[in-house]
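Asker: how does the following fold in three dimensions:
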Amino acid sequence: MTPPATRRKVLTRGSWPEAQRLTSVLRRETVGGVLLIIAAIIALIWANTPWASAYEALRDFQIGPSSLHLNLSLSAWAADGLLAIFFFVVGLELKREFVAGDLRDPRRAALPVVAAIGGMVCPAIIYVLINRGGAVDGWAIPTATDIAFALAVLAVINTHLPAALRTFLLTLAVVDDLLAVTVIAIFYTSELNLPYLAAAIVPIALFALAVQRRISSPWLLVPLALVAWWLVHSSGVHATVAGVLLGFTVPVLAEHGEPDEHGPAERFEHAIRPLSTGFAVPVFAFFAAGVTIGGLSGLTDSLGDKVTLGIIVGLVAGKLIGITATTYLTAKLTRAELDSELAWIDVAGVALLGGIGFTVSLLVGELAFAGDHTSADHVRIGVLFGTVTAAILATIVLRIRNRVYRALDEAESRDDDGDGIPDVYQHPR
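Answerer: Now for the predicted structure:
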């Protein structure tokens, strides 16, 4: 009698090298997330003190050459300039995932890609339904996931999330970033200057040629990157798109064809990620999160606004429903089953972490409501409250399961033969 075929499983742990790489990335992102939270708290407190005018004056202080259309406020420099560094690292991560990570395998990539799409579509629909006939331009605000903030929350609650869920969360966030950049480029470009955009191809192509030839001199690459950034910025497309495009050009494989630490993308990421997570993103958060609430009455008015409500419900309920439902449906449609060590409540916990949408959500909010200070303030309050609510609910759900996670973490760390590789990666079930 032929035994029944083993059903394919979803949310299983990957290979040991991939687990090592993800652990390293997650550790660095966690530090950045803590700095981001601190910067946001300082800004929020400062903006609600008697010295709020000093914060606003600093945020709105303009600097830069007008002849190059770069006489921008410090907050604009943070959003357009510093976040380009962050998105350059995003481009490197995306390239790494597509070439040597989980996204290179269509079967493993399908789940996080579908989950990310569901986690963007559902919040957008909820926001539009709440704001129909009103400020629908902000539909993309609750669609983003801030992986650094989410990992900082995980560090604070000290939960031992197993490797499969960490991989799912990080891969989902990487795809989410790609979709967010696409949305920004397509839907939040108000005026397009084609000559500048066409001219940007030249420095990007030269940058690509240099890195493909393994030239890593900052004296060549940084000027090319700056020119590409300026041309994209002048074209009307948001300048952070230049960061992603430049990141895409960097090779992942080393010269001998292996995706190890000697590959250009890995070396670039190691060099630039500290600047991104330790400076660029926290500074952006400092200038973006400072909103004057106006006491209890002001907070009540803001929470009653449809923009604020759409963002909060989108980030919390939208992400939870979108990610969990698409993951469940994908498993059912492909006749796969959840890994026996996990439960669907674990997916729900990760989905709630996906509702932590701080950095990119604030950026999209600035683009959606540029010049509308009232709506911009409502966006900040909505993002802050939605993020905090999602973080609290994720904490509750994940802490309930922490005993299970601790046991899985111990099993994934056990190395009885002492060869430096945990046994579960050598003898998979």
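
Asker: not counting its neighbours along the chain, what's nearest the most centrally placed residue in the chain?
Answerer: Nearest to the mean C-alpha position of the chain, by Cα atoms, centre = their mean, lies Asp146 at 4.1 Å. Spatial nearest neighbour of Asp146, chain neighbours left out: Phe358 (4.1 Å); criterion: Cβ to Cβ, 6 or more residues apart in numbering. Using the backbone N, CA and C atoms, a C-beta is placed for each residue, glycine as well.

Asker: how about Val121?
Answerer: According to Cβ to Cβ, 6+ apart, the nearest residue to Val121 is Gly322 (6.3 Å).

Asker: surely Phe358 meets Phe385?
Answerer: No: look at Phe358 against Phe385 with Cβ atoms under 8 Å: they stay out of range, at 11.6 Å.

Asker: low pLDDT regions in the stretch 1-150 of the chain?
Answerer: Within the stretch 1-150 of the chain, the segments meeting pLDDT under 70 span 1-29, 102-103.

Asker: pLDDT wise, what is Phe287 at?
Answerer: pLDDT for Phe287: 87.

Asker: which strand or helix spans it?
Answerer: helix 281-289 (DSSP states H and E).

Asker: show me what that helix packs onto, helices and strands only.
Answerer: helix 16-46, helix 74-76, helix 83-100, helix 359-368, helix 373-400 (3 or more Cβ pairs under 8 Å, 6 or more residues apart in numbering; DSSP states H and E).

Asker: try 6 Å
Answerer: helix 16-46 (3 or more Cβ pairs under 6 Å, 6 or more residues apart in numbering; DSSP states H and E).

Asker: so after the helix it packs on, what's the next helix or strand?
Answerer: Per DSSP H and E, the helix or strand that comes after helix 16-46 is helix 52-60.

Asker: give the buried residues for that next one.
Answerer: Using 16 or more other Cβ atoms under 10 Å as the test for burial, helix 52-60 gives Tyr55, Arg59.

Asker: next, the angle helix 281-289 makes with that helix.
Answerer: Using axes from the mean of the first three to the mean of the last three Cα atoms, to 10 degrees, the inter-axis angle of helix 52-60 relative to helix 281-289 is 120 degrees.

Asker: so which residues of the stretch 101-250 of the chain form helices?
Answerer: 106-130, 147-157, 163-187, 194-212, 218-235, 240-249 (DSSP state H, counting those that start in this stretch).

Asker: turn the ones you listed into CSV, columns for distance to Arg335 and mean neighbour count.
Answerer: Output for these, formatted as CSV (distance: least, Cβ to Cβ, whole Å; neighbours: other Cβ atoms under 10 Å):
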stretch, distance to Arg335, mean neighbour count
helix 106-130, 13, 21
helix 147-157, 30, 23
helix 163-187, 19, 22
helix 194-212, 42, 16
helix 218-235, 45, 18
helix 240-249, 35, 24
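
Asker: cheers, nothing more for now.
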